[in-house]
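> Give me coordinates for this.
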Amino acid sequence: MKKISILFACLVAVLTFNSCKEDTEPQYNNPTKFTLNTPALAAQYYELTEDGTIDLSWSQPNYGYAAPAVYKVSVSLLEDFSENMELTSEYKKCYAQIPGSEIAEAICKLRGITSEDDYTDEPARAVYFRVSAKINGIEGSDIISNVVKIDQVKEYCAIQSPGFIYVVGAFTGWTGPDAGAAGHYADFRLFESANAIGSKVYTGIFDIPAGQAMFRFYTALTGWDADSYGSQADDSPIDCALDGGIYNGPIVKGKGSFNFPDWQGGSMKITVNMNNMSVIVEAGGVDTSNSPFIYLVGAPSGWTAPSADNATHYEAWKLFDIEGNGVYTGTFDVNAGEFMFRFYKTLSGWDADSFGSQAEDAPIDITLTDGVYTGSATDGKGSWNCPDWAGGKVEVKVDMNNFQVTFTQK
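Sure, this is the predicted structure:
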């Protein structure tokens, strides 16, 4: 009897222990409460700067346990948040130093400012904040906090406009490139792409009559001598020719002009890369400054890592979707022995957003029959390799809708 009592007591203890364990294990709840704290200095004056921050803190939503939530901050100029902007940064803690640059950019966009020329200085204003939270992969975990107001926030112009340089030459009338000619040269500028501000790669398309294709470039309207870039240092033109409709050559600090004596007139596309000091001149051409694009990555581009740090390098290796139909095209000089490449949709590293000949990271050998190759493509890191390529220009077409590529020798 005594043994039975002891066994019974042990059984009760085990059941009690299990019951307590189940009661104390964390259980997920769809959140119903999420509080953004009002900053202690909310009534003070904040002047935003590029390097400054505004500190915010919040409670974790009541998920039922210390969940690994992801937080994002939104900004509005209206208390009801009917118009708002979500900031770029994500946070994984319940406090953050919000970059003043992100806040200023959001305020500018909420004001409808799209370029530096649109910006007008205004007094400090009330700015409203809220925070969103979610647990990645869990449906129903999204929740938005209350709104808090910071009374006096002074923004600055955080909207960057594409940089530009000037083309000066026969077709511009050889008008002196000084400050008084700014109005004249407004239509003779080459611009950075809107999605590559700071790249120092400038493009423009100009209608140039026959006999007037002689020009050089100026980075500022400071007169003839200070900011001139051309074919050579000496103030003397160098004759150039379009090979297959394209000229690709160096550019140097100086006043030598590029002269195309055989130019028959018409549209000419000019691209100046101030990073590798080169100029590309093309007969015809289409404005690609706001077109979607992908990147060619491989032997022609030096197998440079497709990362954000190398965005400037890859300005010269873009294929553009000119028609907005998911078909990307570009023409490139590819040396003999270097016809091996694949494509990247973004510059997010080797493993993300790669588009190639197969999923496996291994090249597939191809042959251009009568100068043309057409084949299938897929998400992956396989490259196309043409071992018989003798060098020259190749037109590349990537059809993202039908997962197909076409390479045409030019």
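> all strands for the stretch 101-250 of the chain, in order.
For the stretch 101-250 of the chain, applying DSSP state E, counting those that start in this stretch gives strands covering 125-134, 143-144, 148-154, 164-169, 189-191, 201-208, 214-218, 228-230, 238-239, 246-250.
> now these as TSV including distance to Ala299 and mean neighbour count?
Any C-beta I mention is one placed from the backbone N, CA and C, and that applies to glycine too. Below are the strands of the stretch 101-250 of the chain laid out as TSV (distance: least, C-beta to C-beta, whole Å; neighbours: other C-beta atoms under 10 Å):
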stretch	distance to Ala299	mean neighbour count
strand 125-134	42	20
strand 143-144	49	16
strand 148-154	51	18
strand 164-169	31	22
strand 189-191	29	18
strand 201-208	21	20
strand 214-218	30	23
strand 228-230	30	23
strand 238-239	31	12
strand 246-250	18	14
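> I'd like those as CSV, with distance to Thr88 appended.
Converted to CSV, the strands of the stretch 101-250 of the chain look like this (distance: least, C-beta to C-beta, whole Å):
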stretch, distance to Thr88
strand 125-134, 13
strand 143-144, 18
strand 148-154, 18
strand 164-169, 26
strand 189-191, 24
strand 201-208, 24
strand 214-218, 34
strand 228-230, 35
strand 238-239, 46
strand 246-250, 36
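> Minimum distance to Ile294: which of these has it?
For the strands of the stretch 101-250 of the chain, proximity to Ile294 was assessed by C-beta to C-beta; strand 201-208 is nearest, at 16.5 Å.
> quick one: contacts of the closest one?
Contacting residues not belonging to strand 201-208 are listed as 163-165, 167, 171, 188-193, 263, 265-275, 285-289, 312, 315-316 [C-beta atoms under 8 Å, 6 or more residues apart in numbering].
> Separate out the buried members of these.
Buried residues within the contacts of strand 201-208, counting neighbours by 16 or more other C-beta atoms under 10 Å: 163-165, 167, 171, 188, 190-193, 263, 268-274, 285, 288-289, 312, 315-316.
> okay, Val14: pLDDT?
Predicted confidence (pLDDT) for Val14: 43.
> hmm, back to that, out of the strands of the stretch 101-250 of the chain, which is closest to Thr49?
strand 148-154 (9.7 Å).
> tell me the angle that closest one makes with strand 125-134.
Here strand 148-154 runs at an angle of 130 degrees relative to strand 125-134 (axes from the mean of the first three to the mean of the last three C-alpha atoms, to 10 degrees).
> could the strands of the stretch 101-250 of the chain be laid out in CSV, adding mean pLDDT and distance to Ala362?
Below are the strands of the stretch 101-250 of the chain laid out as CSV (pLDDT from 0 to 100; distance: least, C-beta to C-beta, whole Å):
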stretch, mean pLDDT, distance to Ala362
strand 125-134, 96, 38
strand 143-144, 96, 46
strand 148-154, 97, 54
strand 164-169, 97, 43
strand 189-191, 94, 40
strand 201-208, 92, 32
strand 214-218, 98, 44
strand 228-230, 97, 43
strand 238-239, 97, 45
strand 246-250, 91, 32
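> Figure out which of the ones you listed is closest to Ser307.
strand 201-208 (17.5 Å).
> Please put the alpha-carbon coordinates of the closest one into PDB.
Extracted C-alpha coordinates of strand 201-208, given in PDB (Å, rounded to 0.1, in the frame of the first residue of the first chain):
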ATOM      1  CA  VAL A 201      28.000  59.200 -66.000                       C
ATOM      2  CA  TYR A 202      26.200  61.800 -68.200                       C
ATOM      3  CA  THR A 203      24.100  61.200 -71.300                       C
ATOM      4  CA  GLY A 204      22.400  63.500 -73.800                       C
ATOM      5  CA  ILE A 205      20.800  63.100 -77.300                       C
ATOM      6  CA  PHE A 206      21.100  66.000 -79.700                       C
ATOM      7  CA  ASP A 207      20.000  66.800 -83.200                       C
ATOM      8  CA  ILE A 208      23.300  67.800 -84.900                       C
END
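> Check the offset of it from the chain's centre.
Mean-position distance between strand 201-208 and its chain equals 22 Å (C-alpha atoms, centre = their mean, to the nearest Å).
> Show me where the stretch 51-200 of the chain has its helices.
100-110 (DSSP state H, counting those that start in this stretch).
> residue ranges with poor pLDDT in it?
195 (pLDDT under 70).
> Count the neighbours of the residue nearest to Gly249 when sequence neighbours are not counted for me.
Sequence neighbours aside, Val279 is the residue nearest to Gly249 in space, at 6.1 Å (criterion: C-beta to C-beta, 6 or more residues apart in numbering). Using other C-beta atoms under 10 Å, Val279 has 23 other residues around it.
> so what's Pro162 up against?
Taking C-beta under 8 Å, 6+ apart as the test, what Pro162 contacts is 191-194, 196-197, 289.
> how does it look with 10 Å?
115, 189-199, 202-203, 289 (C-beta atoms under 10 Å, 6 or more residues apart in numbering).
> go on, Pro363?
Per C-beta under 10 Å, 6+ apart, neighbours of Pro363: 298-299, 340-342, 356-357, 381-387.
> Verify the stated contact: Ala336 with Val394.
No - at 11.9 Å, Ala336 and Val394 do not qualify as touching, with contact defined as C-beta atoms under 10 Å.
> Quick check on the two: which one has the bigger neighbour count.
Set Ala336 next to Val394 and count neighbours by other C-beta under 10 Å: Val394 wins out with 22 against 10.
> What strand or helix carries the more buried one?
strand 392-399 (DSSP states H and E).
> who does that strand pair up with?
strand 327-334 (antiparallel), strand 404-409 (antiparallel) (DSSP bridges).
> Closest to Ala213 out of the contacts of Pro162?
Looking across the contacts of Pro162 and measuring by C-beta to C-beta, the closest to Ala213 is Leu190, at 15.2 Å.
> Please list the members of the contacts of Pro363 that lie in strands.
298, 340-342, 356, 384-385 (DSSP state E).
> Including distance to Ala158 and neighbour count, could those go into TSV?
Converted to TSV, the ones in strands among the contacts of Pro363 look like this (distance: C-beta to C-beta, whole Å; neighbours: other C-beta atoms under 10 Å):
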residue	distance to Ala158	neighbour count
Gly298	36	22
Met340	42	20
Phe341	37	26
Arg342	36	23
Gly356	38	25
Trp384	42	23
Asn385	45	18
